[in-house]
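Visitor: no sequence for this one, just the structure:
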Ligand code: ARG
C-alpha cells in the first residue's frame, strides 16, 4: 500500500525528469482514494477501517485473468457496434497486454484504495492508455462484470475438477482390478453381513465419483451463461450485442448457441450457480469422507485390512509404535469446512432483495476455498489410492497395500456365508423363513464350538436339516458365496470384471 504513495511516484518522476507513465503513477494522482474513484458527490473520504472492511482486492485479485478476458470481449463488441472506435479498442488491447504482463511478473501494484480487482485493473488501464481506458466501462457495471468474472473463473475450475475426478476414478479402477478376487466382509450396521470382493467395494466409490462428475458437468451448463450486458440491473441504453460477447467468451449451450442470462435483474443478483457448485463439491467431499472413514477403520489394528504409504501418515511424538492416517482424517475434517461454505453461500443469498447487493462480495472466499480444498483433496487421494508412476519403471507404485489374509479371516469370523446356507435350503425346497430359522440354529452351534459354518461336519449340519448334502460346502466357502452373486451389479468376480471394462471404456486412459 505505502509503495503506491504519491511520494513514490514523484520520486520516480524526479529521477527520470519526465512524468512516469505507469498505471500506478496515474492512479495515484487520479484515483488516490475511493471517494475520488466514484465522483465529486462524496464530501468525505472513507476511514481506513471502512476501506479495509469493504475492500475485496486481496482475495478477488485471483479473478484477474477472467476480468481481463471479459473486458476484452466487451471492448471488442463495443468496437464492432461502433460504440467505441477501433483505435480505442486497440489501445485497450495493448494496455491490457501490459497489465497482464505486470500481474504475471508480480509487478502489478494492487491497491486497497481501489477496492477490488475490477477497479484496480480499470484504473491501471486508464493510467496506461488514457481516455480509451475510461471508455471501457461504457454499457457495463461492476455488477454484471463481477458476475461474469466469477462464472468464467469457476468454469475453468470445474474443468480442472472434472479431470481430477476422472483421475481418481482411474486410480480406484486400477486397484479394483488387482483385487477382484480378494474377499472382505461386507458390513451393514458395521456388523459382518456377506462376503464381497474388495474390487467390488472400491467400484462403489467409482460410482459415487462418476455421479459427482455428472453433477459437475450439469452445474457447468448453468455457470456458463453470460451476465454481461445486464449493466447495473436494468440493461443499458447502448446497442450492445450480448450474444457476440457470449460467443467470444465460449459461453454457449450444448447446441453451440450463445448462452446469455435473459433477465438483467437476475443476471446481476443471483449466485445460485455458486451455491449449486458448492453443493456438488460438498457431495464429492462427503464421498471422500466416507472413503476416508473406511481407510481409517481398515488401517486400525483391529481390522488390519490395508496400509497406506508412509508419506500420507504421521508418527506420534510420544508413542513410538504409532502410524496415524492423517491424510484421510484431515480429508474427513475438511468435508465439514466445505459443507460450511455451502451453508455460508446459501445463507448469503437468503433475504436479499433484487437486484445486486454488496452482500454478494462475500461469495468469493467460500467459493475459492471450496475449489482449493477440493482440488488438493482429489489430487492427494488419487495418489494415495493408486500410487505414483515410477519414472524408471513406468509403473505405478505406493498405492494402498491390501492384506487379503486379514480380510478373509474377518469374513470367516463373522459367519458371512449364513445367507448362502439359507439360500441353499430354499433351493432344496424350504420356505425362506424356515431356512432362516434353521441357519440361526446352525450359527449358534458354530459359535459355541468357536468354528465357522464351513468347519462344521456334514453330519452336524444334517442334524439341522436332512436335506443338506455334501454340495453345501461349495456355498459355504467365501469364493462360492461370491461367485453365486452373479446378478447385474452383484459382487461375483465375473460381474466386477464387466464393470471394470465399462468404467475403463467410459474413462479412457490418460
Ligand atoms: N467487489 C464487488 C463484488 O464482489 C464488485 C461489485 C460491486 N458493485 C457495486 N455496485 N458495489 O461483488
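Guide: Sure thing, it's come through. In this text the structure is predicted, and so the values were computed from the model without any measurement.
Visitor: residue contacts, residue 286?
Guide: Counting by Cβ atoms under 8 Å, 6 or more residues apart in numbering, residue 286 touches 335, 339. Placement of C-beta: from N, CA and C, glycine included.
Visitor: can you rerun that using 7 Å?
Guide: Taking Cβ atoms under 7 Å, 6 or more residues apart in numbering as the contact definition, residue 286 lies against residue 335.
Visitor: please point out which parts of the host helix or strand of it sit buried.
Guide: Following DSSP states H and E, the helix or strand that holds residue 286 is helix 272-299. Using 16 or more other Cβ atoms under 10 Å as the burial criterion, the residues of helix 272-299 that qualify are 273-289, 291-292, 294-299.
Visitor: cool, stretch 170-184 as well?
Guide: Neighbour counts over stretch 170-184 (16+ other Cβ under 10 Å) mark 170-177, 179-180, 182-184 as buried.
Visitor: ok now that stretch, how far from the chain's centre?
Guide: Averaging C-alpha positions (Cα atoms, centre = their mean, to the nearest Å) puts stretch 170-184 24 Å from its chain's average.
Visitor: what sits up against that stretch?
Guide: Counting contacts by Cβ under 7 Å, 6+ apart, the residues touching stretch 170-184 from outside are 195-199, 201-203, 205-206, 305, 382, 385-386, 396, 399-400, 402, 404, 407-408, 410-411, 478, 482, 493, 496-497, 500, 503-504, 507, 510.
Visitor: going by proximity to the ligand, name the top residue of the stretch 401-510 of the chain.
Guide: When Cβ to the nearest ligand atom is the measure, the stretch 401-510 of the chain has its nearest residue to the ligand at residue 510, with 36.6 Å between them.
Visitor: burial count for that residue?
Guide: 7 (other Cβ atoms under 10 Å).
Visitor: what helix or strand is the closest residue to it other than its chain neighbours on?
Guide: Excluding the flanking residues, the one nearest residue 510 by Cβ to Cβ, 6 or more residues apart in numbering is residue 170, at 6.4 Å. Residue 170 belongs to helix 142-178 when elements are defined using DSSP H and E.
Visitor: and the next helix or strand past that helix?
Guide: Heading C-terminal from helix 142-178, the first helix or strand you meet, by DSSP H and E, is strand 183-188.
Visitor: between that following strand and helix 272-299, how many degrees?
Guide: 120 degrees (axes from the mean of the first three to the mean of the last three Cα atoms, to 10 degrees).
Visitor: so what are the sheet partners of strand 183-188 and their directions?
Guide: Sheet neighbours of strand 183-188, with direction, are listed as strand 191-197 (antiparallel) (DSSP bridges).
Visitor: pLDDT of the partner strand, averaged?
Guide: Mean pLDDT, computed over strand 191-197, is 96.
Visitor: can you give me the buried ones in it?
Guide: Residues of strand 191-197 classed as buried by neighbour count (16+ other Cβ under 10 Å): 192-197.
Visitor: what angle separates that strand from helix 142-178?
Guide: Computed by the same axes, to 10 degrees, the angle between strand 191-197 and helix 142-178 is 80 degrees.
Visitor: and for strand 191-197, what's in contact with it?
Guide: 180-187, 411, 414-417, 419, 478, 481-482, 491, 493, 496.
Visitor: buried subset of these?
Guide: Applying a neighbour-count criterion of 16+ other Cβ under 10 Å, the buried members of the contacts of strand 191-197 are 180, 182-187, 411, 414-417, 419, 478, 481-482, 491, 493, 496.
Visitor: what mean pLDDT does the helix holding residue 286 have?
Guide: Within the predicted structure, the mean pLDDT of helix 272-299 is 98.
Visitor: how about stretch 85-105?
Guide: Model confidence over stretch 85-105, given as mean pLDDT, is 98.
Visitor: restrict the buried ones among the contacts of strand 191-197 to those near the ligand?
Guide: The overlap between these and the neighbours of the ligand (Cβ under 6 Å from any ligand atom) is empty.
Visitor: ok, for the residue in the stretch 201-350 of the chain positioned nearest to the ligand, nearest residue in space, not its chain neighbours?
Guide: Taking Cβ to the nearest ligand atom, the ligand has its nearest neighbour within the stretch 201-350 of the chain at residue 232, 7.1 Å off. Spatially, and ignoring its direct neighbours in sequence, residue 232 is nearest to residue 141 (3.9 Å; Cβ to Cβ, 6+ apart).
Visitor: one step back: in TSV, list the buried residues of strand 191-197 along with distance to residue 92.
Guide: As requested, the buried residues of strand 191-197 are arranged in TSV below (distance: Cβ to Cβ, whole Å):
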residue	distance to residue 92
192	69
193	66
194	67
195	67
196	62
197	61
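Visitor: tell me the one of those nearest the ligand?
Guide: Closest approach between these and the ligand, by Cβ to the nearest ligand atom: residue 196, at 49.2 Å.
Visitor: relative to residue 72, how far out is that closest one?
Guide: Taken as Cβ to Cβ, to the nearest Å, the spacing of residue 196 relative to residue 72 amounts to 55 Å.
Visitor: also residue 245?
Guide: Distance from residue 245 to residue 72, by Cβ to Cβ: 10 Å.
Visitor: more neighbours: which of these two?
Guide: Neighbour comparison, residue 245 and residue 72: the larger count goes to residue 245, with 24 against 18 (by other Cβ under 10 Å).
Visitor: okay, the more buried one: pLDDT?
Guide: Reported pLDDT at residue 245 in the predicted model: 99.
Visitor: from memory it sits against residue 75, does it?
Guide: No. Using Cβ atoms under 7 Å, residue 245 is not in contact with residue 75, being 9.9 Å away.
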